[in-house]
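Visitor: sequence first, then the predicted structure, then my questions.
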Amino acid sequence: MGLFEVSILLLVVLFGALASGLWVALALVLTALAALMTRPVLPDAQILATTIWSASISWDLTALPMFIWMGEILFRSKLSEDMFAGLAPLMRRLPGRLIHVNVVGCAIFAAVSGSSAATTQTIGKISLPELKSRGYDEKIAVGSLAGAGTLGLLIPPSIILIVYGAAVEESIARLFIAGVVPGVLLGLMFMGYVALAATVKPALMPGAADVIVTESAFRSFRRILPTILLIAGVIGSIYGGIASPTEAAVIGVVLALVITAAQGALDWPSFRDGLMAATRVSAMIAFILAGAAVVTTAMGFTGLPRELASWIGSLELSPFALLAALTLFFMVLGCFLDGISMVVLTTSVIMPLVTQAGFDLVWFGIYLVIVVEMAQITPPVGFNLFVIQGLTGQNIFKIAAATAPFFGLLALMVVLLALFPDLALFLPRTMFSGG
């Protein structure tokens, strides 16, 4: 069977399995098995077993359940209430006033959760009712939340960066640090748009100054200080070479438990529920990664990635043209798949192209996450759109329309990252340890 026939067979098997409702991990294993069966001389069962075992014992993946658990602990705390109460007095003097709480709140929570959906859900649950009751335009409130919620994928600790790092065998510590500057810059771009929109169209803001309980700047800052200390403890320990990502994740869990206990929100039911939720999510992601590892190995035996890389190379595309093509490819894929599935499904095929084009794998990881962020707010399978639909009950396409300006800012960030790679690579070069 030729490579063209093999590629058609694998596409039919993969999308047929996904369309039938089969778990992503099982669909990947089934696809890998089909690929191996096209090469009858290979010991299929032995390859499957060895690859799944090797993918399951990666030390880098130990950080995954810890960061997920940290997010689950804080999700059940009073963190979001404290953040709104603490940020509101600090933001009210800026053009756009409390809309900025969406952006800054999402950026802060992103640095302690690692999940886009969790960030959007946690901040939106508090901010959207508050903004609606104070008379803010619902469109910009929803759009800013959906856009800023995507920061959960980029600002470390990011679950999807752990998945990418494990898939391509790149330093997770370097990936985490590489996401800091683009994540902060993206947050500032969102705030800049909100300020500009509020200045150009004052009707978006309440007619009268929305009433906020007066509180000194010091008292406001004190409410968000524990979260800032948690972020500093996790990211600072990685950047300074004091701790590996796995060790920093454990530090994060301990600090999260201390913060939650200090708030009086830590009891046995919340502890148990957070631990069980983290276990379920971690098991799901680990299962998908094991399936992806099998596909990567099977693809290597078929020779498809090598041939595809050679074909793309023969087109003599410039690096920018290749990036544009990959961006369109991921945008289409993002209409049907979630971010983690996109990463694990494509790495085995596109990594030879990326390496051949000379892209730094750390830089490409940040680029890939930003493109996945764009997919998070693209219908019909934009996860952030689903989260906000659950919070507001609005039509998903109406929510997507409100999010369009922030989608444009994410696209602009992709262009900036391509033009100025040091946005992602400067901090990793200055780290004390490569992780």
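Guide: Looks like it arrived, so ask away.

Visitor: from here on, just use CA atoms for contacts and neighbour counts.
Guide: Fine.

Visitor: contacting residues for N384?
Guide: Contacts for N384 (C-alpha atoms under 8 Å, 6 or more residues apart in numbering) come out as S116, A117, T120, A146, G149, T150, Q376, I377.

Visitor: just among these, which is most surrounded?
Guide: When neighbours are counted by other C-alpha atoms under 10 Å, A146 leads the contacts of N384 with 36 neighbours.

Visitor: what's the nearest residue to A34 if we skip its chain neighbours?
Guide: Sequence neighbours aside, L10 is the residue nearest to A34 in space, at 6.9 Å (criterion: C-alpha to C-alpha, 6 or more residues apart in numbering).

Visitor: quick revisit: any chance of the contacts of N384 in CSV, plus secondary structure?
Guide: Listed next are the contacts of N384 as CSV, based on DSSP: H, G, I helix; E, B strand; the rest coil:
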residue, secondary structure
S116, helix
A117, helix
T120, helix
A146, helix
G149, helix
T150, coil
Q376, helix
I377, coil
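
Visitor: ok, these vs V181, which is closest?
Guide: T150 (15.1 Å; C-alpha to C-alpha).

Visitor: please report phi then psi for the closest one.
Guide: Backbone torsions for T150, taken as degrees, to the nearest 10, come to phi -70, psi -20.

Visitor: was I right about it contacting S116?
Guide: Yes: T150 is in contact with S116 according to C-alpha atoms under 8 Å; the separation is 5.1 Å.

Visitor: ok, longest helix in this protein?
Guide: Longest helix of the chain, by residue count under DSSP state H: helix 268-302.

Visitor: can you pull the buried residues of it?
Guide: For helix 268-302, a neighbour-count test (16 or more other C-alpha atoms under 10 Å) marks 270-271, 274-275, 278, 282, 285-300, 302 as buried.

Visitor: on that earlier part again, my guess is the residue nearest to A34 contacts A35, does it?
Guide: Yes: the pair L10 and A35 qualifies as a contact (C-alpha under 8 Å) at a distance of 6.7 Å.

Visitor: between the two, which one's more packed in?
Guide: For L10 and A35, the more surrounded residue by other C-alpha under 10 Å is A35, and the numbers stand at 24 against 19.

Visitor: which SS state does that one fall under?
Guide: Classified using three-state DSSP, A35 is helix.

Visitor: which residue packs closest to it, ignoring adjacent ones?
Guide: Here the residue nearest A35, using C-alpha to C-alpha, 6+ apart, is A298, at 6.0 Å.

Visitor: from V362, how far off is D422?
Guide: 11 Å (C-alpha to C-alpha, to the nearest Å).

Visitor: typed the wrong thing, it's L175
Guide: 6 Å.

Visitor: quick one: which of the two has more around it?
Guide: For L175 versus V362, the count of surrounding residues by other C-alpha under 10 Å is larger for L175: 30 against 25.

Visitor: so who does the more buried one touch?
Guide: L161, G165, V362, G365, I366, P428.

Visitor: thinking again about what came up before, roughly how far is the longest helix of the chain from the heart of the chain?
Guide: Chain-centre distance of helix 268-302: 16 Å, with C-alpha atoms, centre = their mean, to the nearest Å.

Visitor: cool, stretch 315-335 as well?
Guide: Distance, centroid of stretch 315-335 to centroid of chain: 20 Å (C-alpha atoms, centre = their mean).

Visitor: can you check stretch 405-424 too?
Guide: With C-alpha atoms, centre = their mean as the basis, stretch 405-424 stands 16 Å off its chain's centre.

Visitor: ok so, going back, residues contacting the helix or strand where the residue nearest to A34 lies, please?
Guide: Counting by DSSP states H and E, the element that carries L10 is helix 3-19. The contact list for helix 3-19 (C-alpha under 8 Å, 6+ apart) reads V24, A27, L28, L30, T31, A34, A35, T38, T302, G303, L304.

Visitor: which one (most neighbours) among those?
Guide: L28 (29 neighbours).

Visitor: name the nearest residue to it, ignoring sequence neighbours.
Guide: The shortest distance from L28 to any non-neighbouring residue, by C-alpha to C-alpha, 6+ apart, is to G291 (5.1 Å).

Visitor: OK, contacts around the one you found?
Guide: So, once contact is read as C-alpha under 8 Å, 6+ apart, G291 ends up touching A25, L26, A27, L28, V29, I52.

Visitor: hmm, the first one is touching F287, no?
Guide: Yes: A25 sits in contact with F287 when judged by C-alpha under 8 Å, with a separation of 5.8 Å.

Visitor: which helix or which strand is home to R39?
Guide: Assessed by DSSP H and E, R39 sits outside every helix and strand.

Visitor: for E316, helix, strand, or coil?
Guide: E316 - assigned by three-state DSSP - is coil.

Visitor: do you know how far it is from V6?
Guide: Look at E316 and V6: by C-alpha to C-alpha, they are 25 Å apart.

Visitor: which of the two has more neighbours?
Guide: Taking other C-alpha under 10 Å, E316 and V6 do not tie; V6 has more neighbours (16 against 11).
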